[in-house]
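[1] just to be clear, the model below is a prediction. Sequence and coordinates:
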Amino acid sequence: MENKSDLETYLLLSSEKKTIAVYDKQNLKNLYINNYNNKNKNQDLSNESVNYFLEKNIFKIEKKFHKFVEKINLILENNEFFDISISIKRNNYGEAITKDKIVHLLNEAKDECKKSMDDKKIVHMVIENYIIDEKNYSFLPLDLKCNFFSLDIKFICLSKDYFKEIEKILKRYQISINNILQFDYVKQFLSDNQNDL
């Protein structure tokens, strides 16, 4: 079996269903999809149920495509996520705002968040607002000169213990997590006519 490919594997775990899909990045299409709707909508995502679902699908996928599933993009819908909102401000001394300055400020905010939330993993970092010389912007106006700018940032976090449980299940199949995505966050980027992640 080959190791490298243009295929990406996605695993959606929610209380309502489990879905695994293989997506061809080059041709932009789904090549494999399997859903399992949980009978009990409030069913906890137990290790046994996730393991059973993976056991039924991983080997089928590897056999069908003659490629190992080594990494998976994990989409989670559960109550383990929580948000932390912060604002961070920078004195810009009348200079132009650059992408590097924004990246530096984001890294600083992320480092501060990690220090105070040691037992949590940051999954998404969302800039909700830019404030430039006391004026709000929903986008980043690069090269605008200003004295001060600040960012309102939302961190979407996940318990490291929960992450380790999922990681342990996937390791049984020699699979590592490529990305973790929160279902509700990803869903907001779908158009009205799209109903499937």
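    Good, I have the coordinates. These numbers come from a predicted model, not from an experiment.
[2] ok but D161 is inside a helix, no?
    Yes. Counting by DSSP: H, G, I helix; E, B strand; the rest coil, D161 falls inside a helix.
[3] please name the nearest non-neighbouring residue to it.
    Residue nearest to D161 in three dimensions, not counting chain neighbours: D119, with 7.4 Å by Cβ to Cβ, 6 or more residues apart in numbering. All C-beta atoms are positioned from the backbone trio N, CA, C, and that covers glycine.
[4] ok, the one you found - contacts?
    S159, K160, D161 (Cβ atoms under 8 Å, 6 or more residues apart in numbering).
[5] and the pLDDT at it?
    Predicted confidence (pLDDT) for D119: 85.
[6] quick check: it vs I86, distance?
    Separation of D119 from I86 (Cβ to Cβ, to the nearest Å): 18 Å.
[7] got it, and L105?
    Relative to I86, and taking Cβ to Cβ, L105 is found at 11 Å.
[8] more neighbours, those two?
    Neighbour count, other Cβ atoms under 10 Å: between L105 and I86, L105 has more, with 19 against 14.
[9] and that one, backbone torsions?
    phi -70, psi -40 (degrees, to the nearest 10).
[10] turn the contacts of D119 into TSV, including pLDDT and neighbour count.
    TSV is the format used below for the contacts of D119 (pLDDT from 0 to 100; neighbours: other Cβ atoms under 10 Å):
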residue	pLDDT	neighbour count
S159	90	14
K160	90	14
D161	91	11
